[in-house]
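fold the stuff below for me.
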Amino acid sequence: MHIERIDFDEVFDVHPGPGDFSFRSGGQTHYAVNLWRGLIPQAGSSYLIAFAKPGDWSTVLGWLDLQTGTRRLKNNTWLAVLSDMTAIAWLAPFLLGGALLFIGPGAALAVLLALCGFACLRLYQIASRGRRVMRALLAAHAGTPSSVAG
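From the prediction side, this is the model:
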């Protein structure tokens with residue numbers, strides 16, 4: 001994870017529906033970036049942005065608005081959990097049925113326990129990733145000279 005402070009000196013080419021915009025910061029121009037659906041930073045605002053890959057706007061994990069203190073994850077934790085659990089629920093009958101049919105009830109029970117363990121592991125990974133991103137943003141904010149107004 002990489003955290004950068006981005007000062008939005010100028011914001012242009014705004015498409016408010018999908019949240020696409022272009023901006024200039026520190027003499028560099030970035031085109032067609034997206035933080036989140038409908039979110040367009042104001043010119044003159046500053047954000048701390050967490051990237052999975054430095055400077056790659058397709059890998060934004062979350063952000064913190066330095067003026068308002070608003071922070072947000074790019075992907076909703078509960079939607080990620082629901083997506084993973086749905087995939088496991090679709091896959092489980094095939095794995096359980098195959099194990100029961102071809103190997104026996106002991107194997108089906110082992111597959112069921114493995115699926116439950118995998119589901120718990122994914123739940124933990126998704127939740128801890130969100131907490132790590134928020135903690136990193138808040139820690140970076142504590143070291144930022146401009147504090148939240150208020």
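
surely Asp13 is within a strand?
Yes - counting by DSSP: H, G, I helix; E, B strand; the rest coil, Asp13 is part of a strand.

so what's it up against?
The contact partners of Asp13, taken as CB atoms under 8 Å, 6 or more residues apart in numbering, are Asp20, Phe21, Ser22, Tyr31, Ala32. (Each C-beta comes from the backbone N, C-alpha and C, glycine too.)

how much space is there between it and Ala32?
For Asp13, the distance to Ala32 (CB to CB, to the nearest Å) stands at 7 Å.

shared neighbours of those two, anything?
Asp20, Phe21, Ser22.

what residues sit buried inside the longest helix seen in the chain?
Taking DSSP state H as the criterion, the chain has its longest helix at helix 105-142. Within helix 105-142, the residues scored as buried using 16 or more other CB atoms under 10 Å are 107-108, 111, 115, 119, 122, 126, 129-130, 133-134, 136-137, 140-141.

just the C-alphas of stretch 14-30, formatted as PDB.
Provided in PDB are the C-alpha atoms of stretch 14-30 (Å, rounded to 0.1, in the frame of the first residue of the first chain):
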ATOM      1  CA  VAL A  14     -15.800  16.500 -14.900                       C
ATOM      2  CA  HIS A  15     -18.400  13.700 -15.500                       C
ATOM      3  CA  PRO A  16     -20.400  13.800 -12.300                       C
ATOM      4  CA  GLY A  17     -22.500  10.700 -12.900                       C
ATOM      5  CA  PRO A  18     -19.700   8.100 -13.000                       C
ATOM      6  CA  GLY A  19     -17.400  10.400 -11.000                       C
ATOM      7  CA  ASP A  20     -14.700  10.700 -13.700                       C
ATOM      8  CA  PHE A  21     -12.600  13.800 -13.700                       C
ATOM      9  CA  SER A  22      -9.100  15.100 -14.700                       C
ATOM     10  CA  PHE A  23      -6.900  17.300 -12.600                       C
ATOM     11  CA  ARG A  24      -3.600  19.100 -12.200                       C
ATOM     12  CA  SER A  25      -1.500  18.700  -9.200                       C
ATOM     13  CA  GLY A  26       2.000  20.100  -8.700                       C
ATOM     14  CA  GLY A  27       2.500  20.800 -12.400                       C
ATOM     15  CA  GLN A  28       1.400  17.300 -13.400                       C
ATOM     16  CA  THR A  29      -1.900  16.500 -15.200                       C
ATOM     17  CA  HIS A  30      -3.800  13.300 -14.600                       C
END
